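> from the sequence below, what's the structure:
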Amino acid sequence: MPVVDIADETYVARPPAALAAEVADPSSWARWWPDLDVRLTRDRGVKGAQWAVRGALAGSMEIWLEPVGLDGVVLHWFLRADPPAPLRPRRARRERERRVREWKRHAFALKDSAEGAERVT
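Here you go, the predicted structure:
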């Protein structure tokens, strides 16, 4: 089992096609995961994408856009990867928590943009 094994979900009140272009854009990947070298392994179009990752972590990652109802999507994010050197359990937990927090920040920004909401700071 990978040290970093994350499954996250965020509901967005827009159809999958409204998010697919952002998910497919390599400039989004660089913004979302600046410490990872992200290589597309499977373009799933309106259903999302899969990547191989290297750099701070090595493994695989996926975004799956699951249609919900008539006009919504669940943005699923999966990251399964290991750091280059072994981590102690406490450090591994902190790494997982940090990755989830960082992703949620990007997922909520994507949600706000797609739904036309203004971010409150």
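> which residues of the protein fall in helices?
Along the chain, the segments classed as helices by DSSP state H run 17-24, 26-32, 89-115.
> hey, which of these is tucked in deepest?
Here the criterion is mean neighbour count by mean count of other C-beta atoms under 10 Å, and of those the winner is helix 17-24, at a mean of 17. All C-beta spots, glycine's among them, are computed from the backbone N, C-alpha and C.
> how far off helix 89-115 does it point, in degrees?
130 degrees (axes from the mean of the first three to the mean of the last three C-alpha atoms, to 10 degrees).
> helices or strands up against helix 17-24?
strand 48-55, strand 58-68, strand 72-82, helix 89-115 (3 or more C-beta pairs under 8 Å, 6 or more residues apart in numbering; DSSP states H and E).
> how about these in CSV, adding mean pLDDT and distance to P15?
As requested, the helices and strands packed on helix 17-24 are exported to CSV (pLDDT from 0 to 100; distance: least, C-beta to C-beta, whole Å):
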stretch, mean pLDDT, distance to P15
strand 48-55, 98, 13
strand 58-68, 98, 7
strand 72-82, 97, 6
helix 89-115, 96, 9
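> how much space between the spatially closest residue to V53 that is not a sequence neighbour and P83?
Among residues not flanking V53 along the chain, L36 sits closest, at 4.7 Å (C-beta to C-beta, 6 or more residues apart in numbering). L36 is 11 Å from P83, where distance means C-beta to C-beta, to the nearest Å.
> what about this protein, which residue is the most distant from its middle?
Going by C-alpha atoms, centre = their mean, the residue of the chain most distant from its centre is R88, 24.5 Å out.
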